[in-house]
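J.: Got a predicted model here, sequence first, then my questions.
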Amino acid sequence: MTNWMPWKIARKELKVISRKRSIIFYIVGLPLLISIVFSIVVKNQIASGIPTTISLGAESIIYIFVVLATVLPSTIAAYSIVGEKVEKTLEPLLATPTTDGEILLGKSIAAFIPPILSTWAGASIFMATTDYLLLNAGLGYYYFPNWNAGIMLLLLAPLAAILSIEIAVIASSRVSDVRGANQIAGLMFIPFVAIFFAGAEGLFSFSIVNLLIFAGIVTIVDVVLFFLSRSTFRREEILTKWK
Amino acid sequence: MMIETENLTRKFGSLTAVDSLTLRVDEGEIFGLLGPNGAGKTTTVRMLCCLISKTSGSAMIGGYEIGNEKNAQKIRKIIGLVPDNVGLYESLTAYENLDYYGTLYRRTDSQRKESNEYFLKLLGLWEKKDVLAGTFSKGMKQKLAIARALIHDPKIIFMDEPTANLDPESSKTVREFILDLKKEKKTIFLNTHNLDEAQRICNRIGILNNRLMAIGTPEELERSIHGRKTVIQVRQVTDSILDSLKKLQVKNMVRAGNKLTFDVVNPEEENPDMINAIVAAGGRIETVNVTSSSLEDAYLKIVKENVQ
C-alpha cells in the first residue's frame, strides 16, 4: 500500500488538508454536531413516552449521515483539484511520470477517507447514544446496529461519497475557484435531501429493499460519472480546456 | 542529440500556436527560446514535456518520440520542468515539497533523503527546510522550484522564464546555478524574455514568433542583422582617401564629417586594409572603432519583420 502511487498522492493530499483548519472543522464538526443534536432529539422523544415509534425517526436520522456523505467529500475534492489549479501546482505535477488515473485516484482517496470516517464516527456516536437511551427507557435490546443502518452507512454513504467526488471532479473543469466547484457539486445534495423529505412525508420508507434499490441506482450513476470524470481529468484537457 | 523537433506544429482551433518548429539541442547545451508573449514558447515546452499533444510534425526527447503515452512516461522520467509559475504547495514545507516530488519519481526513502538535503543545501535553503513554502520570498520559491525539477537527476531540464519577477541578486544566483548544471552535462531548454540572460548563459538561441524566425549562437544572431561596423575618425577626409577606399570595394561607406563608417564582416581582416589605404592616401587616423549590433537589435528586427 505504501508504495502504491495513488496512496502516496493521497497521503500528501491528506497532509495538506490536515493543515486547513476550516476544512477540518467542517469535516469533523458537522457530523459531530448532527450526532449531538439528534441524540438530544431522540432523548426528548423518549421522554415524551413514545419509544415504540422511535424506529422510523432513528432511521431517518441515520439517513442524514448519508446526506452528509454527499456534501463533505466534494469540499475536499474541489479543494484538492481546483485548489491545485488556482495555486498553479498542477503543471509540475502533470510533468511527473504519474499517470492521470493515479493522480485522480489519489485525490479521490484523500477526498473519500476523512469524510466517510467522520460520517461513520458521527453516526456511531448517535447510534451508541440512542442505544443507551432506549435501553434505559426499557427497550430490552440494542436497537442499533441494524440492517437498515448498515446498508445506509456501509453501502449507500460510500456510494454517495464517490458520487460527490466524481461531480466535484467534473465541476472542477468548469470553474476557476474552489467555491464554484463546491456549489456545483452541492447540487447533488438536492435529490438526496428530497428522499429524506419523502421519507418524512411517508412517501418513501427506509426499508432494506428500498435502500438496496436506491444504492443500485447510485451505483449506476457512479459508474457513468466515473467514465465522465476520467475523461475530464486528462493532462491535455486540464492544460488546454479547463477554465 | 537530446531534443530534436521536425516541423512540430500545434494548433488550437484556427490559431497556430507553434508552426513547423524544427530545431536540435545537443547534450550539455543550454538552448534559449526567445519570443514575445503568445509566441508559442510555453506551448512548445508543454509539447516537449508531453503535457499536451502535437497537431503534426515530430519530436524526439532523449531518444523517445513524443506522441504516445508509453513514451510519454519514459520522457517524463528523464526531464525536469520549471514552469513559469513556480507551483509549490504553499502549505507544505520546503522539505515536504521536494520529498513529495521524490516519491512521484519513485525514488527510495534513502535517495530522497540524500537528494533533498543536497539540493536544499546547494540552494541555501537547508536552514528553511521546515518552513512552509508559502512564506518564502519569490527568489526562494524559484530556487525551490528548480530543486524540485532536479530531484530525480533528469537529463533534460525545461525552464520557462526561470528568472522572471526575481530581484537582480536572485536572478544572478539562478543563472549561476543554471551554468553549474551545464557543467554536469545537463541539457537545458530555457524559455525567456530576458535577452541579457539569454546572451549570458545560452550556447544557442532560437527566436520564436509562432514560427522559428532565427537560430544560432548569440554572436551569430547579432551578426545576422547587419554584421558589424567599423567607424574610422580621420583628421581630414579628402577625395584621395575616398577614392582609395572605393578601390577596396568597402561596403556601405557612410561619411559624416570626418567620420567614415563601413559594414564589415570580418573586421580583423578588413580593417588593416582600410587603414593602410587611408594612410597611403595621406590621411591621419585619429580613432578606429568596431561596433556590433546587439542581440536586442537582432531580436527586435527579427520579431518586427515577422509582424510586418
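T.: It's in. Numbers count the residues shown, from 1 in each chain, chains lettered A, B, ... in the order given.
J.: Might you report the residue contacts of B:Pro83?
T.: By C-beta atoms under 8 Å, 6 or more residues apart in numbering or on different chains, the contact set of B:Pro83 is A:Lys88, A:Glu91, A:Pro92, A:Ala95, B:Ala145, B:Asp160. Glycine gets a C-beta too; all of them are placed from N, C-alpha and C.
J.: rerun at 7 Å
T.: Contact partners of B:Pro83, counting by C-beta atoms under 7 Å, 6 or more residues apart in numbering or on different chains, are A:Glu91, A:Pro92, B:Asp160.
J.: which helix of the chain spans the most residues?
T.: Because you didn't say which chain, this covers chain A. Counting by DSSP state H, the longest helix found in chain A is helix A:100-136.
J.: My question was about chain B, not that one.
T.: Per DSSP H, chain B has its longest helix at helix B:168-183.
J.: Show residues contacting that one.
T.: By C-beta under 7 Å, 6+ apart, helix B:168-183 touches B:28, B:30, B:139, B:142-143, B:146, B:157, B:162-163, B:166, B:188, B:197, B:200-201.
J.: Mind exporting the C-alpha coordinates of the helix or strand harbouring B:Asn71 to CSV?
T.: Here B:Asn71, judged by DSSP states H and E, is contained in helix B:69-78. C-alpha atoms of helix B:69-78 as CSV (Å, rounded to 0.1, in the frame of the first residue of the first chain):
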residue,chain,number,x,y,z
GLU,B,69,1.6,7.6,-23.6
LYS,B,70,4.2,4.8,-23.3
ASN,B,71,7.0,7.1,-24.5
ALA,B,72,5.5,10.0,-22.6
GLN,B,73,6.1,8.1,-19.3
LYS,B,74,9.7,7.4,-20.3
ILE,B,75,10.2,11.0,-21.3
ARG,B,76,8.7,12.4,-18.1
LYS,B,77,11.3,10.3,-16.1
ILE,B,78,14.2,12.0,-17.9
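J.: partners of the next helix or strand after that helix in the sheet?
T.: Counting by DSSP H and E, the element after helix B:69-78 in chain order, helix or strand, is strand B:79-82. Strand B:79-82 has the following strand partners under DSSP bridges: strand B:156-160 (parallel).
J.: wait, what's in contact with the residue positioned nearest the centre of chain B?
T.: In chain B, the C-alpha nearest the mean C-alpha coordinate belongs to B:Gly32, at 2.1 Å (C-alpha atoms, centre = their mean). By C-beta under 7 Å, 6+ apart, the residues touching B:Gly32 are B:Leu190, B:Thr192, B:Ala198, B:Cys202, B:Ile205.
J.: that older thread, quick one: the longest helix of chain A near chain B?
T.: No: for helix A:100-136 and chain B, the contact criterion (C-beta under 7 Å from any C-beta of the partner chain) is not met; the two come no nearer than 9.1 Å.
J.: List the buried residues for that helix?
T.: The neighbour-count check on helix A:100-136 (16 or more other C-beta atoms under 10 Å in any protein chain shown) flags A:100, A:102-116, A:118-120, A:122-127, A:129-131, A:133-134 as buried.
J.: Which positions in chain A make contact with chain B?
T.: A:8, A:12, A:15-16, A:19, A:87-89, A:91-92, A:94-98, A:235-236, A:239-240.
J.: do that again at 6 Å, thanks
T.: Residues of chain A lying near chain B by C-beta under 6 Å from any C-beta of the partner chain: A:8, A:12, A:16, A:19, A:88-89, A:91-92, A:94-98, A:235-236, A:239-240.
J.: re the thing from before, strand B:156-160 and the longest helix of chain B, what's the angle between them?
T.: 160 degrees (axes from the mean of the first three to the mean of the last three C-alpha atoms, to 10 degrees).
J.: What does the pLDDT read for the nearest residue to B:Arg107 once chain neighbours are set aside?
T.: Nearest non-adjacent residue to B:Arg107, counting by C-beta to C-beta, 6 or more residues apart in numbering or on different chains: B:His152, 6.3 Å away. B:His152 carries a pLDDT value of 93.
J.: if we can go back for a sec, tell me the first helix or strand C-terminal of the longest helix of chain B.
T.: strand B:187-192.
J.: Would you mind checking the average pLDDT for that following strand?
T.: pLDDT averaged over strand B:187-192 gives 94.
J.: Strands along chain B, start to end?
T.: Shown for chain B, the strands assigned by DSSP state E span residues B:3-12, B:15-25, B:30-34, B:56-61, B:64-65, B:79-82, B:156-160, B:187-192, B:204-209, B:211-216, B:228-234, B:251-256, B:259-264, B:285-292.
J.: deepest of those strands, which one?
T.: strand B:79-82 (a mean of 27; mean count of other C-beta atoms under 10 Å in any protein chain shown).
J.: what distance separates that one from the middle of the whole chain?
T.: 16 Å (C-alpha atoms, centre = their mean, to the nearest Å).
J.: How about residues contacting that strand?
T.: A:92, A:95, B:49, B:145-146, B:149-150, B:154, B:156-159, B:162 (C-beta atoms under 6 Å, 6 or more residues apart in numbering or on different chains).
J.: and stretch B:45-64 with chain A, contact?
T.: Yes: Stretch B:45-64 lies within reach of chain A by C-beta under 6 Å from any C-beta, at B:Cys49, B:Leu51, B:Ile52, B:Ser53.
J.: Near chain A, which residues of chain B? Just list them.
T.: So far as C-beta under 6 Å from any C-beta goes, chain B lies against chain A at B:49, B:51-53, B:73, B:76-77, B:81, B:83, B:85, B:87, B:89, B:91, B:100, B:103-104.
J.: quick one: the longest helix of chain A to helix B:69-78, angle?
T.: 90 degrees.
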